[in-house]
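Enquirer: give me coordinates for this.
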Amino acid sequence: MRRKDREIKDIDSVLKRTRVLRLALREGEGVYIIPLHFGYEHDGDSYTFWMHSAKEGHKLDLIRENSSACIETDTDEKLLLFDEACECGALFSSVIARGRIEIAEDAGEKMRGLSLLMEHQSGRHYEISERMCEGVAVLKFTATDISAKARTK
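Expert: Numbering: from 1, shown residues only. Now for the predicted structure:
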């Protein structure tokens, strides 16, 4: 990270305030990016993000072709306007992670992922059944590199 003065060590403090991430996948020579609601778990230095999807579609095809992915979240955005354009800027907090994405196949893993997603989005715990999992694909992103930064003033 170039701006070490903006680095945030407590990544969870940003993620807890964020509801949508952007998932970037390789698409041939380019990139395909999509906003998704998510849940996550943090264990030691490890972060795993969970998303859900329709059972078929372009995003799943891309994941099957290449498991390399990147995610980005941001929150606390506020535009700072001044008389001179070059003085303008923005306040923000953001997280970026590189890693691997897969389509969860195990029913227990899918239930766990959907439960974490619902809890993160709603602040409530929901029991997720196998039947509920049958209608959706559950995506599991495992971060191999993650960082957070902010501009707060």
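
Enquirer: switch to C-alpha atoms for all contacts and neighbour counts from now on
Expert: Noted.

Enquirer: give me the element the residue nearest the centre of the chain is part of.
Expert: With distances taken as Cα atoms, centre = their mean, residue 21 lies nearest the centre of the chain, 4.0 Å away. Assigned by DSSP states H and E, residue 21 belongs to strand 20-27.

Enquirer: tabulate the CA atom coordinates of that strand in CSV.
Expert: The C-alpha trace of strand 20-27 is given here as CSV (Å, rounded to 0.1, in the frame of the first residue of the first chain):
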residue,chain,number,x,y,z
VAL,A,20,-22.1,-4.6,-0.8
LEU,A,21,-18.9,-5.8,-2.3
ARG,A,22,-17.8,-5.7,-5.9
LEU,A,23,-16.6,-9.0,-7.3
ALA,A,24,-14.1,-8.9,-10.2
LEU,A,25,-13.6,-11.9,-12.3
ARG,A,26,-11.4,-12.6,-15.4
GLU,A,27,-13.3,-12.5,-18.7
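
Enquirer: what residues sit buried inside whichever strand or helix holds residue 100?
Expert: Following DSSP H and E, the helix or strand that holds residue 100 is strand 89-103. Within strand 89-103, the residues scored as buried using 16 or more other Cα atoms under 10 Å are 92-103.

Enquirer: among those residues, pick out the one closest to residue 127, please.
Expert: Among these, residue 103 lies closest to residue 127 (Cα to Cα), at 20.8 Å.

Enquirer: who's in contact with the nearest residue to residue 68 once chain neighbours are set aside?
Expert: Among residues not flanking residue 68 along the chain, residue 100 sits closest, at 4.9 Å (Cα to Cα, 6 or more residues apart in numbering). Applying Cα atoms under 8 Å, 6 or more residues apart in numbering to residue 100 gives the contacts 67-69, 141-144.

Enquirer: also residue 88?
Expert: Per Cα under 8 Å, 6+ apart, neighbours of residue 88: 79-82.

Enquirer: would you mind measuring from the closest residue to residue 18 other than its chain neighbours to residue 116?
Expert: Of all residues not flanking residue 18 in the chain, residue 75 sits nearest, at 6.0 Å (Cα to Cα, 6+ apart). Look at residue 75 and residue 116: by Cα to Cα, to the nearest Å, they are 20 Å apart.

Enquirer: the two: who's more crowded?
Expert: residue 116 (24 against 17; other Cα atoms under 10 Å).

Enquirer: and the residue located most distally from the centre of the chain, backbone torsions?
Expert: Computed with Cα atoms, centre = their mean, the residue of the chain farthest from its C-alpha average is residue 83, at 35.7 Å. Geometry field for residue 83 lists phi and psi as phi -60, psi -40, criterion degrees, to the nearest 10.
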